[in-house]
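1. Generate a structure from the sequence data that follows.
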Amino acid sequence: MSGADQTSGNAPPDEPPPAGLALADMPSRVIRRAESFVSAALAGVVYAVLAFIALWLLSGYPDLDLSDAELSAWFDNRSNEARLLTGLNLVAISSIAFLWFVAVMRRRIGKHEDQFFGTVFFGSAVAFTVVWMVAGAALAAPAVATTMLGAASVSESSASLAAGLGWALLLVVAPRLQAVFVFTTSTVIRRSQVLPNWLAVFGYVIAIGMFVMPLVFTSLGVAFPVWVLVVSIALLTLRERGDR
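-> From the prediction side, this is the model:
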């Protein structure tokens with residue numbers, strides 16, 4: 001057997017890349033996965049579910065026609081305090097999930113949007129997130145005062161102020177910001193064709209309803225999480241088409 005044959009016969013099989021290279025490539029793989037439509041869908045589902053639960057928890061506010069003593073007794077109740085504080089924590093966590101949803105969506109469809117819609121899309125998302133967190137903090141403020149700050153009692157005026165501010169932000173200010181976000185997102189979807197057209201039409205209907213609604217309805221607060229959930233489910237069902 002010749003030296004060339006020996007060399008060929010003794011050649012080691014193909015080896016996997018060194019572990020160092022695989023580890024070095026891991027951050028880029030993680031980033032690509034974090035920027036995928038699937039991650040946006042999962043973040044949207046997390047936001048929607050947590051927002052539903054947070055709204056339900058925060059809606060368990062006491063009747064404001066109670067006396068000061070009755071209101072203080074309500075807020076001194078550990079289960080009532082826990083309900084409001086849990087709602088506040090879910091508001092904060094859902095805000096992080098929503099911002100992740102927005103960031104991934106903007107990263108993936110940003111090349112299809114013009115500067116105007118991109119600015120309105122991002123600005124309305126950030127403004128809504130601030131309003132959402134401030135509203136949650138306002139509604140939970142009496143519970144925070146009694147639990148963490150040692151407040152002796154909660155008066156009717158302070159409870160009324162907290163409830164009025166919180167629900168005004170949730171049911172009057174937030175729906176308009178949500179409507180702007182939904183409208184711009186639906187426009188980008190329609191122009192880019194990255195998602196089905198029916199999703200853009202559905203978004204336009206939701207956006208118009210939230211923007212022009214003349215009255216304050218408690219059920220209005222769930223319209224936006226419903227839209228985010230529908231978009232997220234659509235993204236998950238389209239994941240087999242590959243990363244766009």
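
2. Okay, now the unreliable bits of this protein?
-> 1-37, 108-114, 150-152, 214-220, 239-244 (pLDDT under 70).

3. Contacts only, for the residue most central in space within the chain.
-> Nearest to the mean C-alpha position of the chain, by C-alpha atoms, centre = their mean, lies Phe98 at 2.1 Å. Residues near Phe98 by C-beta atoms under 8 Å, 6 or more residues apart in numbering: Ala43, Gly44, Tyr47, Ala51, Ala125, Thr129, Trp132, Val228. Every residue, glycine included, has its C-beta placed from N, CA and C.

4. what do you get if the cut-off is 10 Å, keeping everything else the same?
-> Counting by C-beta atoms under 10 Å, 6 or more residues apart in numbering, Phe98 makes contact with 43-44, 46-48, 50-51, 125, 128-129, 132, 181, 224-225, 228.

5. what about it, which helix or strand?
-> Per DSSP states H and E: Phe98 is located in helix 78-109.

6. Pull out the buried residues from that helix.
-> With burial defined by 16 or more other C-beta atoms under 10 Å, the residues of helix 78-109 counted as buried are 80-81, 83-88, 90-91, 94-95, 97-98, 100-106, 108-109.

7. so where do the helices sit in the chain?
-> 3-9, 19-34, 37-58, 68-76, 78-109, 115-148, 156-168, 174-192, 197-212, 223-237 (DSSP state H).

8. Trp56 is in contact with Gly87, isn't it?
-> Yes - here Trp56 reaches Gly87: they are 8.0 Å apart, a contact under C-beta atoms under 10 Å.

9. quick one, what contacts Phe224?
-> Listed by C-beta under 10 Å, 6+ apart, the contact set of Phe224 reads 47-48, 51, 98, 128, 132, 174-175, 177-179, 181-182, 206-207, 210.

10. Now, of these, which are buried?
-> Here, 16+ other C-beta under 10 Å leaves 47-48, 51, 98, 128, 132, 174-175, 177-179, 181-182, 206-207, 210 buried among these.

11. Report the angle between the helix holding Phe98 and helix 174-192.
-> Taking axes from the mean of the first three to the mean of the last three C-alpha atoms, to 10 degrees, helix 78-109 and helix 174-192 form an angle of 30 degrees between their directions.

12. angle of helix 78-109 against helix 156-168?
-> Here helix 78-109 points in a direction 20 degrees away from that of helix 156-168 (the same axes, to 10 degrees).

13. who touches Ala138 in this structure?
-> Leu58, Leu88, Leu161, Ala162, Ala163, Gly164, Leu165, Gly166, Trp167, Ala168, Leu169, Leu170.

14. Output the residues you listed in a markdown table, with distance to Asp68 appended to each entry.
-> Formatted as a markdown table, the contacts of Ala138 follow (distance: C-beta to C-beta, whole Å):
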| residue | distance to Asp68 |
| --- | --- |
| Leu58 | 22 |
| Leu88 | 23 |
| Leu161 | 14 |
| Ala162 | 14 |
| Ala163 | 15 |
| Gly164 | 17 |
| Leu165 | 19 |
| Gly166 | 20 |
| Trp167 | 21 |
| Ala168 | 23 |
| Leu169 | 25 |
| Leu170 | 25 |
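
15. Just the buried residues out of those residues, in PyMOL syntax.
-> Typed into PyMOL, the line below selects the buried ones among these, using 16+ other C-beta under 10 Å:
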select buried, resi 58+88+162+163+165+166+167+169+170
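
16. Just the closest of the contacts of Ala138 to Leu139, please.
-> Gly166 (3.7 Å; C-beta to C-beta).

17. who touches the nearest residue to Leu64 once chain neighbours are set aside in this structure?
-> Once flanking residues are discounted, Leu64 sits nearest to Ser160: 5.1 Å by C-beta to C-beta, 6 or more residues apart in numbering. Counting by C-beta under 10 Å, 6+ apart, Ser160 makes contact with Leu64, Asp65, Leu71.

18. Tell me the one among those nearest to Ile189.
-> Using C-beta to C-beta, the contacts of Ser160 come closest to Ile189 at Leu64, 41.9 Å.
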